[in-house]
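A.B. asks: Show me the folded form of this:
(chains A and B)
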2 protein chains.
Amino acid sequence: MKLTILGCYSATPRILTNPTAQVLETKGHMFLIDCGEGTQVQLRKHKVKFSRIKHIFISHLHGDHFFGLVGLISTFRLLTREADLHIYGPEGIKEVITLQMKLADSWTNYKLIFHELTSKKSELIFEDDKVEVHTIPLNHRVYTNGFLFKEKKGKRKLNIAAVEEANINVAYYRKLTQGFDVVNEDGITIKNEAVTRPGDKPKSYAFCSDTMYKEDIVPIIENTDVLYHESTFLDTQAHIALRTKHSTAKEAATIAKKANVGKLLLGHYSTRYKDLNVFKTEAREVFEAVELSEDGKVFEF
Amino acid sequence: MKLTILGCYSATPRILTNPTAQVLETKGHMFLIDCGEGTQVQLRKHKVKFSRIKHIFISHLHGDHFFGLVGLISTFRLLTREADLHIYGPEGIKEVITLQMKLADSWTNYKLIFHELTSKKSELIFEDDKVEVHTIPLNHRVYTNGFLFKEKKGKRKLNIAAVEEANINVAYYRKLTQGFDVVNEDGITIKNEAVTRPGDKPKSYAFCSDTMYKEDIVPIIENTDVLYHESTFLDTQAHIALRTKHSTAKEAATIAKKANVGKLLLGHYSTRYKDLNVFKTEAREVFEAVELSEDGKVFEF
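C.D. replies: All right, here's what the predicted structure looks like:
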């Protein structure tokens, strides 16, 4: 998985900071997660090919997470896109995008498919043979979902020398990668484990923003490789976090620890803080494997 | 008048070019004209104090002229603005902004006053004791208005030496600046022209974008000091201009010439052109006083 942070600040776009947007590349997909104002310019800056984006996931309808969406849809149209575009987001997202297209009399020449979310329970919203995407119900001032991206278990890899030695017909190789035992040319059953090894470990990524501290999400994101959890404030502003339904760095780290994730990425920083290292320091007191998101930063795992 | 070009390109925001937005400073006002995506960042870059913007004029509801508006309104709210904000634009603008605020459950704590425009004739939409703003009905794919900003005739200036010499009571000075004759301490009528001179020449600015060539606007913008007229294309792409209801540089210059304006500013360039000087060259064949708008450029007149 390759995660590119396009923007990781809260509230308003500024000269040097961008509101929330990320691109997750996995198994041939380019998933766009949230789309604050200016996201299309950030995509250009980081050379993400627009045509590769086919699925956009919007956590909630606050401006710093979705005001860039209508512009991106509109730009896709101007660039004569033809591929379908799937948009996953809270109920209402279709109405607001459609109204803007209607007022501009600018309908897309590609198919725009809205998947409006209303459930308060985690649900599977996308699946193909390689990846699954589940919602993570969060607790913010408006209806909000995080998203869990899970690669499926990969095929087993053939140990070519062992397979040839075992005198197995080539026609059975596919069954072997799927984990089955097979019968060889001599009529002997060959155990799968004897001639294959496990495929790549499937990776997972959880995006949780915006939300106040919510322990209910722990079972959903348990053992995730990388967790992005918002940390708008520090513990000294915990009262503001509580009132605005955001989290502190300490709370993000507590969730990461309880869920036993591989790595925690902090983000959605309030612009009141000049030095981001204070977030890392605070989180590390609770959970060791912490990194700071920063606009333009790329994480591969 | 001081005009700051925040963005002067058509279609989509890019790394180095911005969609339409301008700030016109006149008689204490900061009028924002159009508001493409990213305008709030451009305002920050050019150090325009957000609180000074009290009137926003939106020509039409295509994205490159108004997708930045909802974000700006939202940022004003986050910065705890208190002053009223007046928005002038096509019918529907209130619905789309209100819907976005409703979905975000983020209502402004300041008063947002929409002035929805529907007339196909030029009308006076703003007036105080120093400035008037009139619409300029344009011809584009959707309902569109340009805007004419006219300073009112300034007060006459006193020739202090002459006034004192004429033995006029101080109480009459105000009447003199208003252009009236007055009676002096000796009962003699003093002609206004004898003791005053004309005030500053009132300036005017016309913004016309987007539009195809439309000669009907000439009487409205006649003798305007500065005219910004879109020139999305060159004459070689006149057929595309016609189909998309835009203008060529040559057409913009023809309007400028017929309206006898002081200066023509070109803008709203299609991003297909790498060198903007070709626009100036083409326009100058018709009308001499041409300048190119460029993002960040300031014109004082």
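A.B. asks: okay, now the domains of chain A?
C.D. replies: Chain A breaks down by automatic domain parsing into domains covering A:2-154+A:200-300, A:157-197.
A.B. asks: Please identify the most buried of those domains.
C.D. replies: Of the domains of chain A, the one with the most neighbours on average (mean count of other Cβ atoms under 10 Å in any protein chain shown) is domain A:2-154+A:200-300, at a mean of 20. Glycine gets a C-beta too; all of them are placed from N, C-alpha and C.
A.B. asks: ok, and does that domain reach over to chain B?
C.D. replies: Yes: Domain A:2-154+A:200-300 reaches chain B (Cβ under 8 Å from any Cβ of the partner chain) through A:11-15, A:37-38, A:40-41, A:44-45, A:61-63, A:67-68, A:70-71, A:74-75, A:78, A:90, A:92-93, A:95-96, A:99-100, A:103-106, A:141-142.
A.B. asks: so A:Ile5, which of the three states?
C.D. replies: The three-state assignment at A:Ile5 reads strand, by DSSP: H, G, I helix; E, B strand; the rest coil.
A.B. asks: Which pLDDT does the model give the residue in the stretch 101-250 of chain A that chain B sits nearest to?
C.D. replies: The stretch 101-250 of chain A approaches chain B most closely through A:Leu103 (4.3 Å), counting by Cβ to the nearest Cβ. A:Leu103 carries a pLDDT value of 96.
A.B. asks: ok so, going back, turn the domains of chain A into a markdown table, columns for distance to B:Ile221.
C.D. replies: Shown next, in a markdown table, are the domains of chain A (distance: least, Cβ to Cβ, whole Å):
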| stretch | distance to B:Ile221 |
| --- | --- |
| domain A:2-154+A:200-300 | 26 |
| domain A:157-197 | 73 |
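A.B. asks: The residue in chain A sticking out farthest from the centre sits in which helix or strand?
C.D. replies: Note on chain A: the largest C-alpha distance from the chain mean falls to A:Asp186, namely 48.4 Å (Cα atoms, centre = their mean). Using DSSP states H and E, A:Asp186 sits within no helix or strand.
A.B. asks: How about it: what's its closest non-neighbour residue?
C.D. replies: A:Asn167 (6.0 Å; Cβ to Cβ, 6 or more residues apart in numbering or on different chains).
A.B. asks: and the one you found, how far is that from A:Lys175?
C.D. replies: Using Cβ to Cβ, to the nearest Å, A:Asn167 is found at 15 Å from A:Lys175.
A.B. asks: Go ahead and confirm A:Val48 touches A:Leu24.
C.D. replies: No: assessed by Cβ atoms under 8 Å, A:Val48 is found out of contact with A:Leu24, at 11.1 Å.
A.B. asks: Overlap in contacts, the two.
C.D. replies: Common contacts of A:Val48 and A:Leu24, defined by Cβ atoms under 8 Å, 6 or more residues apart in numbering or on different chains, comprise A:Met30.
A.B. asks: Just the ones of the residues of domain A:2-154+A:200-300 next to chain B in strands?
C.D. replies: A:Pro90 (DSSP state E).
A.B. asks: A:Lys157 pairs with what?
C.D. replies: With DSSP bridges as the criterion, A:Lys157 is bridged to A:Arg197.
A.B. asks: Quick check: it touching A:Val195?
C.D. replies: No: contact criterion Cβ under 8 Å: A:Lys157 and A:Val195 do not qualify, at 10.2 Å.
A.B. asks: any common contacting residues for those two?
C.D. replies: Counting by Cβ under 8 Å, 6+ apart, no residue touches both A:Lys157 and A:Val195.
A.B. asks: Next SSE downstream of the longest helix anywhere in chain A?
C.D. replies: Counting by DSSP state H, the longest helix found in chain A is helix A:93-104. Using DSSP H and E, the helix or strand that follows helix A:93-104 in sequence is strand A:112-117.
A.B. asks: Next one, pLDDT for the residue farthest from the centre of chain A please.
C.D. replies: 94.
A.B. asks: From A:Phe147, how far off is it?
C.D. replies: 50 Å.
A.B. asks: and if you look at A:Tyr273?
C.D. replies: Distance, A:Tyr273 to A:Phe147, by Cβ to Cβ: 26 Å.
A.B. asks: Ok, A:Lys175 next?
C.D. replies: 34 Å.
A.B. asks: Any idea which residue of the stretch 201-301 of chain A lies closest to chain B?
C.D. replies: Counting by Cβ to the nearest Cβ, the stretch 201-301 of chain A gets nearest chain B through A:Thr271, at 9.7 Å.
A.B. asks: May I have the phi/psi pair for the residue nearest to A:Met101 when sequence neighbours are not counted?
C.D. replies: In space, and not counting its chain neighbours, A:Met101 is closest to A:Trp107: 5.7 Å by Cβ to Cβ, 6+ apart. Torsion angles at A:Trp107 (phi, psi; degrees, to the nearest 10) stand at phi -90, psi 150.
A.B. asks: swap in A:Lys27?
C.D. replies: Residue torsions, per degrees, to the nearest 10, at A:Lys27 are phi 50, psi 40.
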